[in-house]
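Novice: attaching a predicted model along with its sequence, questions to come.
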Amino acid sequence: MKLQELLDYIEIDDVKGDTNQTIEGIYYNSQKVTPNSLFICIKGFKTDGHLYVEDAIKRGAVAILCEDIVETGKATMIKVKNTRKTMAAIANKFFDFPSKSIDLVGVTGTNGKTSVTYMIKSILEKSGRKTGLIGTIATLVDGEKIDATRTTPESLDLQKLFKKMKNVGIDSCVMEVSSHSLDLERVEEITYKVGVFTNLSPDHLDFHKDLMSYREAKKKLFYKTSLCNVINIDDADGKVIGKEVKKLDVPLLTYGIEEEADYVAKNIKMSFKEVTFDVVGPNFNETITLGIPVKFAIYNALAAIVSCHVLKVPAKEIVEALEEFKGVPGRFEMVKEIEKFSVIVDYAHTPDALENVLKAAKGFAKDKRVITVFGCGGDRDQTKRPVMGQISGELSDLTIITSDNPRTEDPKKILLMVEEGIGKTNGKYEVIEDRREAIKYALKDATEGDIVIIAGKGHEKTQVIGQEVLVFDDEQVAIEIAREEGLI
Ligand SMILES: CC(=O)N[C@H]1[C@@H](OP(=O)(O)OP(=O)(O)OC[C@H]2O[C@@H](n3ccc(=O)[nH]c3=O)[C@H](O)[C@@H]2O)O[C@H](CO)[C@@H](O)[C@@H]1O[C@H](C)C(=O)N[C@@H](C)C(=O)N[C@H](CCC(=O)O)C(=O)O
Ligand SMILES: Nc1ncnc2c1ncn2[C@@H]1O[C@H](COP(=O)(O)OP(=O)(O)OP(=O)(O)O)[C@@H](O)[C@H]1O
Ligand SMILES: N[C@H](CCC[C@H](N)C(=O)O)C(=O)O
Ligand SMILES: [Mg+2]
């Protein structure tokens, strides 16, 4: 595409150089630049893309989109006010507005995004729609699984994915929309048919200044929708967002269990294997049995039901899809190989999620014990560490505090912060930095009827320590240890 065609689509402050070249690729990372491409300079949190202009030119960039003109005399310089925002627009134009022909559902909230997106995908596919998915675990395009590095990709990567989806005839796509992505303009230029809010609780307070700014970031999704907004009204922040969103032209549908909502789940019957409940809403009155026996799964199912119902999926197909739903990798996932006691791998990495999972486990354990293995990620929100420690201390019979991706932080420092919280309770605990050893301790300690919860890493296949990325999979490690110890 001619550079000028791209420029016609965006707002520019200044141009220096020829705009008649053909642009064959666009990049925001100089290390990836190929010949005849446009390099976009982003002022980041770690470094500044403007510092890599020379590198990009060396690799073949013929045009540079920047906020500050860098005098090189070698490439066309295009100055704009905000390169992150402009990148979204330029990518949309470059890939020929790929999401226009796709019904998009965006899901935001602190917990449950991945779970809800997987449920929605199953339902839409049941109704015959070819559905893509973008989120924490992976991007799914027509049978192809592309591993994800971020929950919500950069705008350029996102538009490229939509193009890929369009090319294979995908008509619907459900994606997680993280608060980072809403604040960092990754989802600019996108109109969602349906926007979903699951819940809000403290997380990412390293990035968002406080809970209010975190909520404001999430709220932005509901100004980007065209058909319907779907909000969990049992959630305090859902209520606040709902009140504001109600004033918009796009209709609002609420769901809940406790509060009066458009779609309500009632008559909940929980067993260790499944949960059965009725869902009543406009033209919807169904009984559903779900193979994930936790209260939050009902919320996730409600979010999926409302979203798909407004997309005109018949109630019968919604029910069938949810009843066949096999769960999400690493979300309240039972390690089936171990039968002497229950081992559950879960992705709870926030205080709220941990509390929910441990309460559910406690409900099932009755007079037996709940043994929890968990840690907190490094280079992430530090405020959640003592809070999670306290929650585990209060709700577990034994906690093994361990490492969860310490990244560049000192693992011992993270463990101490978790310990600070657990120390405020009477909860029994051990500190074992090595995650494999921590899991081993838990499995060796467990006896019949106990429930071992391995939380925080869910589907993850690696443990990041310093700059090293080591292979580590909670489920596999648990199975290996169980074998070594003669438990299976
Ligand atoms: C805070 C944040 O989101 N940062 C993301 C952001 O980094 P950044 O914009 O600050 O970039 P930077 O590293 O300072 O570099 C600036 C620019 O220089 C460029 N560069 C750099 C080096 C070089 O040699 N050449 C070059 O061109 C970079 O490509 C970049 O464009 O853009 C990078 C490139 O896409 C991301 O890798 C990076 O994610 C960091 C690693 C991250 O951890 N993000 C997490 C917190 C995140 O986004 N999480 C959310 C939510 C998770 C959830 O709750 O589900 C997510 O959506 O995943
Ligand atoms: N609706 C919910 N409410 C509260 N906790 C939930 C809910 N759904 C899932 N959880 C808990 O949160 C964990 C993460 O769930 P999930 O991966 O679906 O959330 P997410 O929002 O995608 O998380 P992330 O921000 O890491 O992408 C689960 O393993 C479970 O412990
Ligand atoms: N999407 C979340 C995942 C956290 C998972 C946990 N295992 C960790 O590494 O902190 C984040 O990036 O904060
Ligand atoms: Mg997710």
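Specialist: Sure thing, it's come through. Ligands and ions are numbered 1, 2, ... in the order given.

Novice: could you grab the helix/strand/coil label for residue 292?
Specialist: coil (DSSP: H, G, I helix; E, B strand; the rest coil).

Novice: so what does it have for phi and psi?
Specialist: phi -120, psi 100 (degrees, to the nearest 10).

Novice: neighbours around residue 169, how many?
Specialist: By other CB atoms under 10 Å, 9 other residues sit near residue 169. Backbone N, C-alpha and C define where each C-beta goes, glycine included.

Novice: check residue 461 too.
Specialist: By other CB under 10 Å, neighbour count at residue 461 equals 14.

Novice: what's the answer for residue 267, then?
Specialist: There are 10 residues near residue 267, going by other CB under 10 Å.

Novice: ok, now which ones touch it?
Specialist: Applying CB atoms under 8 Å, 6 or more residues apart in numbering, one finds that residue 267 lies in contact with 276, 277, 278.

Novice: out of these, which end up buried?
Specialist: residue 277 (16 or more other CB atoms under 10 Å).

Novice: got the contacts of residue 267 as JSON lines, with distance to residue 186 and pLDDT columns?
Specialist: Shown next, in JSON lines, are these (distance: CB to CB, whole Å; pLDDT from 0 to 100):
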{"residue": "276", "distance to residue 186": "39", "pLDDT": "98"}
{"residue": "277", "distance to residue 186": "35", "pLDDT": "98"}
{"residue": "278", "distance to residue 186": "38", "pLDDT": "98"}
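
Novice: and of the contacts of residue 267, the nearest to residue 359?
Specialist: Using CB to CB, residue 277 comes nearest to residue 359 of the contacts of residue 267, at 17.6 Å.

Novice: and the helix or strand that closest one falls within, what does it pack against?
Specialist: Residue 277 belongs to strand 275-281 when assigned by DSSP states H and E. Identification of packing neighbours for strand 275-281 by 3 or more CB pairs under 8 Å, 6 or more residues apart in numbering; DSSP states H and E yields strand 263-270, strand 284-290, helix 295-310.

Novice: what pairs with that strand, and is each one parallel or antiparallel?
Specialist: strand 263-270 (antiparallel), strand 284-290 (antiparallel) (DSSP bridges).

Novice: ligand 1 is nearest to which of these?
Specialist: Evaluated over the strands paired with strand 275-281, closeness to ligand 1 peaks at strand 284-290, with 23.2 Å, by CB to the nearest ligand atom.

Novice: so what touches the closest one?
Specialist: Residues contacting strand 284-290 (CB under 8 Å, 6+ apart): 263, 274-279, 297-298, 301, 305, 309, 315, 318-319, 322-323, 325.

Novice: relative orientation of that strand and helix 295-310 in degrees?
Specialist: Here strand 284-290 runs at an angle of 140 degrees relative to helix 295-310 (axes from the mean of the first three to the mean of the last three CA atoms, to 10 degrees).

Novice: burial measure for residue 15, as a count.
Specialist: 17.

Novice: in three-state terms, label the closest residue to it other than its chain neighbours for me.
Specialist: Leaving aside its chain neighbours, residue 15 sits nearest to residue 78 (5.3 Å; criterion: CB to CB, 6 or more residues apart in numbering). Three-state call for residue 78 (three-state DSSP): strand.

Novice: next to ligand 2, which bits of the stretch 101-250 of the chain? Give me the list.
Specialist: Neighbours of ligand 2 within the stretch 101-250 of the chain, by CB under 6 Å from any ligand atom: 109, 111, 112, 113, 114, 115, 136, 151, 176, 198, 199.

Novice: what is the nearest of those to residue 38?
Specialist: Closest approach to residue 38 among those (CB to CB): residue 151, at 26.2 Å.

Novice: quick check: the closest one touching residue 136?
Specialist: Yes. Shown here, residue 151 and residue 136 form a contact pair, counting by CB atoms under 8 Å, at 4.5 Å.

Novice: shared neighbours of these two, which are they?
Specialist: 113, 176.

Novice: in the stretch 101-250 of the chain, which spans are helices?
Specialist: Taking DSSP state H, counting those that start in this stretch as the criterion, the stretch 101-250 of the chain carries its helices at 113-126, 155-167, 179-183, 211-219, 236-245.

Novice: please identify the most buried of the ones you listed.
Specialist: Among the helices of the stretch 101-250 of the chain, helix 113-126 has the highest mean neighbour count (mean count of other CB atoms under 10 Å), at a mean of 25.

Novice: in terms of residue numbering, what are the domains of this protein?
Specialist: 3-94, 98-324, 333-484 (automatic domain parsing).

Novice: okay, these in TSV with distance to ligand 4 next?
Specialist: Shown next, in TSV, are those (distance: least, CB to the ion, whole Å):
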stretch	distance to ligand 4
domain 3-94	21
domain 98-324	3
domain 333-484	8
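
Novice: okay, the ones you listed in CSV with distance to ligand 1 next?
Specialist: Converted to CSV, those look like this (distance: least, CB to the nearest ligand atom, whole Å):
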stretch, distance to ligand 1
domain 3-94, 2
domain 98-324, 3
domain 333-484, 7
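
Novice: between the two ends of stretch 261-281, what distance do you get?
Specialist: Distance across stretch 261-281, first residue to last, is 8 Å (CA to CA, to the nearest Å).

Novice: mind listing what's buried along that stretch?
Specialist: Here stretch 261-281 shows 261, 262, 263, 264, 265, 270, 275, 277, 279, 281 as buried, counting by 16+ other CB under 10 Å.

Novice: near ligand 3, which residues of the protein are found?
Specialist: 136, 151, 349, 377, 380, 404, 405, 456, 457, 460.

Novice: pull the contacting residues for the last one.
Specialist: I take that to be residue 460. Contacts of residue 460 by CB under 8 Å, 6+ apart are 330, 405, 472, 473, 474.

Novice: one step back: possible to save the strands paired with strand 275-281 as CSV with mean pLDDT?
Specialist: Below are these laid out as CSV (pLDDT from 0 to 100):
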stretch, mean pLDDT
strand 263-270, 97
strand 284-290, 98
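
Novice: make TSV from those and add distance to residue 181 to it.
Specialist: Below are these laid out as TSV (distance: least, CB to CB, whole Å):
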stretch	distance to residue 181
strand 263-270	27
strand 284-290	29
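
Novice: which one, of those strands, ends up nearest to residue 413?
Specialist: strand 263-270 (39.2 Å).

Novice: just how off-centre is the closest one within its chain?
Specialist: 26 Å (CA atoms, centre = their mean, to the nearest Å).

Novice: now check it, is it near ligand 2?
Specialist: No. Using CB under 6 Å from any ligand atom, we find that strand 263-270 stays clear of ligand 2, coming within 12.2 Å at best.

Novice: in strands, which of the contacts of residue 460 fall?
Specialist: The members of these all map outside strands under DSSP state E.

Novice: most neighbours of all the residues you listed, which one?
Specialist: Of the contacts of residue 460, with other CB under 10 Å as the count, residue 474 tops at 28 neighbours.

Novice: so who does that residue touch?
Specialist: Here residue 474 is in contact with 330, 345, 435, 439, 454, 457, 458, 460 (criterion: CB under 8 Å, 6+ apart).

Novice: and the third one, how many residues sit next to it?
Specialist: As a burial measure, the neighbour count of residue 435 was computed by other CB under 10 Å and equals 26.
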